[in-house]
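1. Have a look; sequence and predicted model below, questions after that.
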Amino acid sequence: MAGMEHLPEGTDARSGYRASDGVYYSKRRPVWIPQTPGLDLLSFLLAPQFGDRQALVDAPSGQSWSYAQLERRVRVVAAGLYKQLGVRQYDVVMLLAPNCIEFAVIFLAVVSLGATLTTVNQVNTALEIQKQMNDAGAKFIITTAALVEKVAGVDLPVVIFGENEVVPSFGSKATYRYSEFLRADPDGLPKVKFSQDDTAALLYSSGTTGLSKGVAVTHRNFISCICVFNSGQDEPLSPDHKLLLVLPMFHVYGLAICTVSSLARGMSVVVLPQFDFVKMLSAIQTYQITHVPCVPPIIIALAKQDVVLKFNLSSVVQFGSGAAPLGKEIMDACAKRFPNVKIKQGYGLTESCACCSTSPTEVDDMAAHFGASGILLPNMQAMVVDPATNKPMPPTKQGEFWIRGPVIMKEYLNNPKATADCLDGDGWLHTGDLVVVDEDGYIFVMDRLKELIKYNAFQVAPAELEALLLSHPAILDCAVIPYPDETAGQIPMAFIVRQPGKQLSEDEIMDWVAKQVAPYKKVRKVAFIATIPKSAAGKILRRELVQTTAAKARL
């Protein structure tokens, strides 16, 4: 990597670590981030005029918009939201939809009005959606005809878009066709006075402390994400570069990295409505995709499934992997199958706008660091802190990962305690992940200090499942832990203490839970146990259960 003159005095150029303060500094050169107080995301994003260059493509139909058409559509939809729906600055709009090119338009239109978009997983139950709606303080809902029944019991104005804009009868609740907004006049909208610290999106994450919380991501966070992440790509951008968006756009990875940061680079973003491995391969071949952001299960499939060999994927120059650690063995297998493709792994959280570290692509020794989540992105700092002593750790020593930088969230919405628990007064986000930083500054995620289960890219809170399980009349006590899974990373496993005299099978428990939660939260493994190990204070000793399960798995 180029000269390290930018590093603070006393910093080791190889690792980025400075012993005097225990901080790891980015080895990448700092990037300029605009500090203009009133700059908003849309103005910054569309400042580079890419004109007729292709911006968004719907993979199934081939429908596409240029950058000029995208900007025009955003302005028109914003006018419709303001003039017909009544969206005003600081209002919260909920978007319940699958991936589509209109998703990006709605997000940008909402934030251009100074309002906030909260995104929701389309597989969530009606009860889960209503909980998020209430917590976020949503005033409006935008959804599709296929999903509208999930908000049928909600007394808010609903906008329906898609091919079949069937408007059902919801009694007194106002309903709108999205197509009506596309005829709005964008002229005459009042000028919004922005602050970069205004919340642009409320993205729901289990965070670092348990149950689902609204992560307040500001205009400044998104603008910084664009600057920091794109600068860290270490590659020249060609007009021919095309990114395939297969990851969910409601998730920070799909929204901040795949959509917003890619559009800021002038890339063409080809959108798949939902993940289907064969359709993904077909889209890569059809659209000559160059960049494919993934999660570990997709990388595993690319490395192992023979159907891959039936498609011409020679256009691909980069696979990205994020949302969960990817093991060295799988990266090796993928590299052997795709010797000309860079495999770029990264680390980030919803609370960091999906930014923290990425693998540099300009070095020749990536194989020596396979399994690492790269090095710190520009303008980012980190500490590795011993949980027992609270002291910073030097390279090769394990500790909790703390990160700091311009991408770190504003707060957990209406939850000052949870905010204070993970975001300290010096701006350090305590991630709850145990890491080791090697002598070259590469970050290896070792384990999770926090108790959340990482199922694919989704976080599952054991406490939520335990509360549900304990409501079953035949269950006396329970504990939920992560169980290793090659495809998903981790799956929820429940240890159950049955009520005396009650009969309850593993399948009955799993089926019962599955009917009440989103698919990614389902209990997928059950074991019966006499007692749940707990501390003197009554806290479940999950680590004992994890270690016992791991020991049995090795036998």
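-> It's in. The structure presented is a predicted model; accordingly, all values stated were derived computationally and were not measured.

2. ranges for the helices of the stretch 151-300 of the chain?
-> Applying DSSP state H, counting those that start in this stretch to the stretch 151-300 of the chain gives helices spanning 178-181, 219-231, 252, 262-264, 277-287, 296-304.

3. just the stretch 451-555 of the chain next, same as before
-> 462-469, 506-514, 542-554.

4. any low-confidence regions in the stretch 301-450 of the chain?
-> Residue ranges of the stretch 301-450 of the chain with pLDDT under 70: 323-329, 362-368, 447-448, 450.

5. got the residue ranges for the strands in it?
-> For the stretch 301-450 of the chain, the strands defined by DSSP state E, counting those that start in this stretch cover 318-321, 342-347, 357-358, 375-376, 381-385, 398-404, 411-412, 429-437, 443-448.

6. picking that back up, how about the helices of the stretch 451-555 of the chain in TSV, adding mean neighbour count, mean pLDDT and distance to residue 494?
-> Where C-beta positions appear, they are placed from N, C-alpha and C, glycine not excepted. Below are the helices of the stretch 451-555 of the chain laid out as TSV (neighbours: other C-beta atoms under 10 Å; pLDDT from 0 to 100; distance: least, C-beta to C-beta, whole Å):
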stretch	mean neighbour count	mean pLDDT	distance to residue 494
helix 462-469	18	85	6
helix 506-514	15	95	7
helix 542-554	13	75	10
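
7. quick one: which of these is nearest residue 334?
-> Closest approach to residue 334 among the helices of the stretch 451-555 of the chain is made by helix 542-554 (24.8 Å; C-beta to C-beta).

8. who wins for proximity to residue 246 among the helices of the stretch 451-555 of the chain?
-> Proximity to residue 246, assessed across the helices of the stretch 451-555 of the chain by C-beta to C-beta, is greatest for helix 506-514 (24.7 Å).

9. Who are the packing partners of that closest one?
-> helix 462-469, strand 489-498, strand 525-528 (3 or more C-beta pairs under 8 Å, 6 or more residues apart in numbering; DSSP states H and E).

10. Alpha carbons only: can I get the second one in PDB?
-> It stands for strand 489-498. Output in PDB follows, covering the C-alpha atoms of strand 489-498 (Å, rounded to 0.1, in the frame of the first residue of the first chain):
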ATOM      1  CA  GLY A 489     -23.600 -19.400   9.600                       C
ATOM      2  CA  GLN A 490     -25.700 -20.000  12.600                       C
ATOM      3  CA  ILE A 491     -29.200 -21.300  13.300                       C
ATOM      4  CA  PRO A 492     -31.400 -20.900  16.400                       C
ATOM      5  CA  MET A 493     -31.300 -24.000  18.700                       C
ATOM      6  CA  ALA A 494     -33.600 -24.300  21.600                       C
ATOM      7  CA  PHE A 495     -33.000 -26.200  24.800                       C
ATOM      8  CA  ILE A 496     -36.300 -27.100  26.400                       C
ATOM      9  CA  VAL A 497     -37.300 -28.200  29.900                       C
ATOM     10  CA  ARG A 498     -40.800 -29.800  29.600                       C
END
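
11. out of the strands of the stretch 301-450 of the chain, which comes closest to residue 86?
-> strand 411-412 (26.8 Å).

12. partner strands of that closest one, parallel or antiparallel?
-> According to DSSP bridges, strand 411-412 has the following sheet partners: strand 213-218 (antiparallel).

13. now the angle between helix 219-231 and the partner strand, please.
-> 80 degrees (axes from the mean of the first three to the mean of the last three C-alpha atoms, to 10 degrees).

14. can I have strand 213-218 written out in CSV, keeping just the CAs?
-> Only the C-alpha atoms of strand 213-218 are listed here, as CSV (Å, rounded to 0.1, in the frame of the first residue of the first chain):
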residue,chain,number,x,y,z
LYS,A,213,-34.4,-1.4,17.7
GLY,A,214,-34.6,1.4,15.2
VAL,A,215,-31.1,2.5,14.1
ALA,A,216,-31.2,6.2,13.2
VAL,A,217,-29.0,6.6,10.1
THR,A,218,-28.5,10.2,9.2
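
15. Please work out the average pLDDT along it.
-> Mean pLDDT, strand 213-218: 96.

16. list the buried ones in stretch 147-164?
-> Neighbour counts over stretch 147-164 (16 or more other C-beta atoms under 10 Å) mark 147-148, 150-151, 154, 157-162 as buried.

17. Actually, stretch 184-191.
-> Using 16+ other C-beta under 10 Å as the test for burial, stretch 184-191 gives 184, 186, 189.

18. Equivalent analysis for stretch 57-77, please.
-> 57-59, 64-67, 70-71, 73-77.

19. Can you name the residues that contact residue 415?
-> 213-214 (C-beta atoms under 8 Å, 6 or more residues apart in numbering).

20. I'd like to know how far it sits from residue 198.
-> Look at residue 415 and residue 198: by C-beta to C-beta, to the nearest Å, they are 19 Å apart.

21. contacting residues around residue 527?
-> Residue 527 makes contact with 493-496, 549, according to C-beta under 8 Å, 6+ apart.

22. Including distance to residue 12, could these go into JSON lines?
-> Listed next are the contacts of residue 527 as JSON lines, based on distance: C-beta to C-beta, whole Å:
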{"residue": "493", "distance to residue 12": "41"}
{"residue": "494", "distance to residue 12": "46"}
{"residue": "495", "distance to residue 12": "45"}
{"residue": "496", "distance to residue 12": "50"}
{"residue": "549", "distance to residue 12": "39"}
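
23. between those residues, which is closest to residue 442?
-> Once C-beta to C-beta is applied, the member of the contacts of residue 527 that ends up nearest residue 442 is residue 549, at 29.6 Å.

24. quick one, what contacts the residue lying closest to that closest one once chain neighbours are set aside?
-> Of all residues not flanking residue 549 in the chain, residue 483 sits nearest, at 6.4 Å (C-beta to C-beta, 6 or more residues apart in numbering). For residue 483, the contact set (C-beta under 8 Å, 6+ apart) comprises 490-493, 524-525, 549.

25. Relative to residue 194, how far out is residue 483?
-> Look at residue 483 and residue 194: by C-beta to C-beta, they are 46 Å apart.

26. Same question for residue 230.
-> Counting by C-beta to C-beta, the gap from residue 230 to residue 194 is 22 Å.

27. go on, residue 25?
-> Per C-beta to C-beta, residue 25 is found 31 Å from residue 194.

28. Can you show me the strands along the stretch 151-300 of the chain?
-> With DSSP E, counting those that start in this stretch as the criterion, the stretch 151-300 of the chain has strands at 158-161, 175-177, 199-205, 213-218, 242-245, 268-271, 291-294.

29. how far does the fourth one sit from the chain's center?
-> Think strand 213-218. The chain centre lies 12 Å from the centre of strand 213-218; the measure is C-alpha atoms, centre = their mean, to the nearest Å.

30. ok and it relative to strand 199-205, angle-wise?
-> Using the same axes, to 10 degrees: strand 213-218 against strand 199-205 is 150 degrees.

31. Which residues does strand 213-218 contact?
-> 118, 132, 135-136, 196-207, 252, 256, 350-351, 353, 409-415, 418.

32. Serialize the buried residues of stretch 147-164 to JSON lines and add fields for distance to residue 283 and pLDDT.
-> Listed next are the buried residues of stretch 147-164 as JSON lines, based on distance: C-beta to C-beta, whole Å; pLDDT from 0 to 100:
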{"residue": "147", "distance to residue 283": "23", "pLDDT": "93"}
{"residue": "148", "distance to residue 283": "28", "pLDDT": "91"}
{"residue": "150", "distance to residue 283": "28", "pLDDT": "93"}
{"residue": "151", "distance to residue 283": "30", "pLDDT": "93"}
{"residue": "154", "distance to residue 283": "34", "pLDDT": "88"}
{"residue": "157", "distance to residue 283": "35", "pLDDT": "94"}
{"residue": "158", "distance to residue 283": "31", "pLDDT": "94"}
{"residue": "159", "distance to residue 283": "28", "pLDDT": "94"}
{"residue": "160", "distance to residue 283": "27", "pLDDT": "93"}
{"residue": "161", "distance to residue 283": "22", "pLDDT": "91"}
{"residue": "162", "distance to residue 283": "20", "pLDDT": "80"}
